[in-house]
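Enquirer: Here is a sequence together with a model predicted from it:
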Amino acid sequence: MHVMVPTKNPRLYIHEVSVRDGFQIEPEFIPTEQKVALVNALSRTGVAKIEVTSFTSPKAIPGLADAEAVMGRIDRVLGVQYAALVPNVRGCERALACQVDEVNVVMSASQSHNVANLRMTPEQSLGQFADIAKLVDSKAFLNASLSTAFGCPFEGQVPLSRVLEMIDRFSDIGIEGVTLCDTTGVGNPRQVMEVCLAVQDRWPAMVFTAHFHDTRGMGLANALAALQAGIVRFDASLGGLGGCPFAPGASGNVCTEDLVHMFEAMGCDTGVDLDGLLDLARLLPDIVKHGVPGQVAKAGPSTRRYPLPAGQDDAGQTAGAFCS
């Protein structure tokens, strides 16, 4: 397959998911004030959307038990969309009461992961989606995240026909946007290209987002393949936080600052202040009490320059090891 990066780089839209997808699996509760402060700071970096929280049972996800408090205290910055994940009608009612801009529902393309993750069959999930769509009506944008769209940790390969079938059902329900999720990082660039081209060809009016995990080190490569296929919206998580607790081996999401760095180095316009993003990423270890996977925050952007080592002459003659 021969592909080319578009000669005219499109405007890209970065969707930040760390405060929901990342914080939900942290073993220690992140204080509400720290969540609010991080959302407010992220809002001013130029990201297009922030998935702020999930309106689910505190027993199921204790780390997000403060959903209403967080949504009620954040600053709403013009041009930024504030989204929340909802598991059911009750969660949707709570989200709408907080005036979210987007309601995000989630289900899996594979039967086994849907049962493991949501404790219901895909058909039951679709039934809930229909009820949620009626409730949302035009009060917020309705997006569906399709997990395991590129492969399942239990069933293996998920056929493209299954992905298309699910999106067909979403479209019939009235869902306006679909996020294609590589939940356990099993997708590869060729597959990503094929899936992204196929869905956009079939539903040109649907708003598609790509959501990759870096479990096997292919997250950025898959994002590039999605871009080459015409996708302009990307989920990412500050510091690379996150991972599905019901998907064995699933590590964090593609790192926001690493993704922005790659796109900006290619000449793409993300609208994001990379330096501001890096400042926030360097605060994360203190917030979550452990290191984070992101690379650019550690190494610095590729534009960073260093002074020559002391004692090195203009020809670069020094004793020591040689770098390739």
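Expert: Great, that's in hand. Because the structure is predicted, anything quoted here is derived from the model rather than measured.
Enquirer: All the strands of the stretch 151-300 of the chain, in order from the start?
Expert: Applying DSSP state E, counting those that start in this stretch to the stretch 151-300 of the chain gives strands spanning 177-182, 207-212, 233-236.
Enquirer: partner strands of the first one, parallel or antiparallel?
Expert: This means strand 177-182. Counting by DSSP bridges, the strands paired with strand 177-182 are strand 141-147 (parallel), strand 207-212 (parallel).
Enquirer: Make sure I have this right: residue 57 is in a helix.
Expert: No: counting by DSSP: H, G, I helix; E, B strand; the rest coil, residue 57 is not part of a helix but coil.
Enquirer: circling back to that earlier point, any chance of JSON lines for the strands of the stretch 151-300 of the chain, columns mean neighbour count, mean pLDDT and distance to residue 277?
Expert: Just so you know, the C-beta spots here come from the backbone N, C-alpha and C atoms, and that holds for glycine as well. Converted to JSON lines, those look like this (neighbours: other C-beta atoms under 10 Å; pLDDT from 0 to 100; distance: least, C-beta to C-beta, whole Å):
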{"stretch": "strand 177-182", "mean neighbour count": "24", "mean pLDDT": "97", "distance to residue 277": "21"}
{"stretch": "strand 207-212", "mean neighbour count": "23", "mean pLDDT": "98", "distance to residue 277": "18"}
{"stretch": "strand 233-236", "mean neighbour count": "24", "mean pLDDT": "98", "distance to residue 277": "10"}
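Enquirer: Just tell me which of the strands paired with strand 177-182 ends up closest to residue 264.
Expert: With C-beta to C-beta as the criterion, residue 264 lies closest to strand 207-212 of these, at 17.3 Å.
Enquirer: Make CSV out of the strands of the stretch 151-300 of the chain and add distance to residue 90.
Expert: Converted to CSV, the strands of the stretch 151-300 of the chain look like this (distance: least, C-beta to C-beta, whole Å):
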stretch, distance to residue 90
strand 177-182, 22
strand 207-212, 25
strand 233-236, 25
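Enquirer: And those: which comes nearest residue 79?
Expert: Across the strands of the stretch 151-300 of the chain, closest to residue 79 is strand 233-236 (C-beta to C-beta), at 14.7 Å.
Enquirer: Mind listing what's buried along stretch 194-214?
Expert: 195-199, 203, 208-214 (16 or more other C-beta atoms under 10 Å).
Enquirer: okay if I get those residues as JSON lines plus distance to residue 175?
Expert: Listed next are the buried residues of stretch 194-214 as JSON lines, based on distance: C-beta to C-beta, whole Å:
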{"residue": "195", "distance to residue 175": "17"}
{"residue": "196", "distance to residue 175": "18"}
{"residue": "197", "distance to residue 175": "20"}
{"residue": "198", "distance to residue 175": "18"}
{"residue": "199", "distance to residue 175": "13"}
{"residue": "203", "distance to residue 175": "10"}
{"residue": "208", "distance to residue 175": "12"}
{"residue": "209", "distance to residue 175": "12"}
{"residue": "210", "distance to residue 175": "17"}
{"residue": "211", "distance to residue 175": "16"}
{"residue": "212", "distance to residue 175": "21"}
{"residue": "213", "distance to residue 175": "23"}
{"residue": "214", "distance to residue 175": "27"}
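Enquirer: What is the most widely separated pair among these?
Expert: Every pair of these checked by C-beta to C-beta; the farthest is 203 and 214, at 27.3 Å.
Enquirer: for the strands paired with strand 177-182, which one sits closest to residue 10?
Expert: Nearest of the strands paired with strand 177-182 to residue 10, taken as C-beta to C-beta: strand 207-212 at 13.2 Å.
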